[in-house]
Structure formats: structure tokens, C-alpha cells
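Enquirer: sequence first, predicted model second:
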Amino acid sequence: MKLQFAMDTLTTEKALELAAAAAPSVDIIELGTPLIKAEGLSAITAIKKAHPDKIVFADLKTMDAGELEADIAFEAGADLVTVLGVAGDSTIVGAVKAAKKHGKGIVVDLIGVADKSTRAKEVVALGAEFVEMHAGLDEQAEEGFTFGTLLDDGKTSGVPFSVAGGVKVDTIGSVQDSGATVAVAGAAIYGAPDVAAAAAELRAAIK
């Protein structure tokens with residue numbers, strides 16, 4: 001199982017600092033949506049230039065103009081780009097077309113999707129590399145939500161998936177046991193007093 005570091009910061013300078021600290025322990029470096037909105041495509045280029053050996057994940061959360069948005073992110077250096085699962089099939093197909101042109105991949109983020117398992121099957125059939133079983137902060141606060149819900153949805157889907165939203169040292173083992181191909185950690189790393197140590201601890205918890 002790969003470890004993905006989601007950087008929710010607003011400057012390229014801070015992102016480079018965080019990425020440098022975590023890089024020895026992570027496989028995928030994710031530029032969060034707020035970072036890309038604040039700094040633009042240049043942030044993607046900067047991270048890829050600094051870490052050419054890492055998979056660079058641009059969390060665009062595209063909802064429309066799939067081919068165009070994915071294409072410009074790949075041109076900037078991204079290896080993986082996200083499209084929202086609530087987007088229309090044509091948007092996902094367009095993004096996949098751009099990914100194939102560049103030899104890269106599309107990840108479909110299932111945040112806000114009610115039936116994540118069913119939609120996961122549909123979008124992988126459309127060409128997505130894998131899906132992200134993702135619960136945002138608002139969804140996590142809803143009555144009846146548990147972290148196990150994401151893991152169950154992933155298992156039921158039967159397709160390659162990552163898990164994001166609540167991944168930390170005491171939950172990453174259950175993420176791996178669920179069959180996830182990627183565990184996405186954000187605050188558990190960037191919110192720690194020692195970013196390098198936090199990333200290394202998560203890496204060590206992966207069997």
C-alpha cells in the first residue's frame with residue numbers, strides 16, 4: 001500500500017518545505033485544492049521539479065471541462081489528477097482522454113457521492129486509475145458517519161481505491177486491511193510538530 005501526503009497549505013514555499021520533510025517516507029505528494037487555487041499550476045511544476053522521483057497528485061476536483069483541466073495539469077507536471085465522482089460521465093471520459101495522451105492517470109474523488117461503491121465501479125469502467133473513498137469535514141460530521149463506512153465502501157466496490165479523511169497512525173492498519181491501494185494522510189503529517197517523524201511513523205505502520 002502506498003502512502004500519500006496531502007498538503008493543505010496555501011503557498012508553494014510552505015508546500016516545498018513540507019514535501020522535503022515528508023518525502024523520504026511517502027510515495028505520492030498531493031497538492032491540495034486550496035494550494036492550487038492560491039498558487040496556480042506553477043505549484044505543481046515546482047513540486048515535480050523538486051521531487052521528480054515521486055508521484056505528484058494534483059487535487060483539481062474537476063467538475064466540468066475534464067479534458068482541458070486535466071491536460072493543463074499534466075502539462076504542468078502532475079502524474080495524477082482528480083475529477084469529482086458527481087461530475088457527468090463525459091467529464092470523466094474527457095479527463096481520461098487527456099491522461100492517456102500524457103501517459104498519466106485520473107483519480108475520481110467520491111466526496112459527496114451517496115452510493116460510493118456503485119459509482120466507483122462506474123468510473124473505473126470509464127478509465128479511472130482508481131477512486132478515492134473520501135469523506136470531507138462536513139460529511140464526517142454527519143450523523144451516522146464512521147471511518148469504517150469508507151473502508152466498507154472500498155471493499156464492496158471491488159475496484160482499486162484510496163482512503164482519505166481520518167487516516168492516522170491508529171487507523172492506517174485498518175485501511176491496509178480493507179484492501180486499499182493508497183492511504184492518504186493530511187493533517188496527521190502536516191499538523192504534527194515534526195513532519196518528517198510523523199510521516200516516518202505512518203510509513204512504519206504499513207505492513
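Expert: Here it is on my side, so go on. Predicted model, so just to flag it, every value in this text is computed and none were measured.
Enquirer: so what's the closest residue in space to residue 196 that isn't next to it in sequence up against?
Expert: Of all residues not flanking residue 196 in the chain, residue 21 sits nearest, at 4.4 Å (CB to CB, 6 or more residues apart in numbering). The C-beta positions use only the backbone N, C-alpha and C, and glycine is treated the same way. Contacts here follow CB atoms under 8 Å, 6 or more residues apart in numbering; on that basis residue 21 touches 195, 196, 199.
Enquirer: may I have the strands that pair with the longest strand that the chain contains, each with its orientation?
Expert: Longest strand of the chain, by residue count under DSSP state E: strand 55-62. For strand 55-62, the pairing partners within the sheet under DSSP bridges are strand 28-31 (parallel), strand 80-84 (parallel).
Enquirer: the following helix or strand past the first one - contacts with which helices or strands?
Expert: Read it as strand 28-31. Stepping forward along the backbone from strand 28-31, the first helix or strand reached (DSSP states H and E) is helix 33-39. For helix 33-39, the packing partners by 3 or more CB pairs under 8 Å, 6 or more residues apart in numbering; DSSP states H and E come out as helix 12-22, helix 42-50, strand 55-62.
Enquirer: could you point out which of these sits nearest residue 28?
Expert: Across the helices and strands packed on helix 33-39, residue 28 has its closest neighbour in strand 55-62 (4.4 Å, CB to CB).
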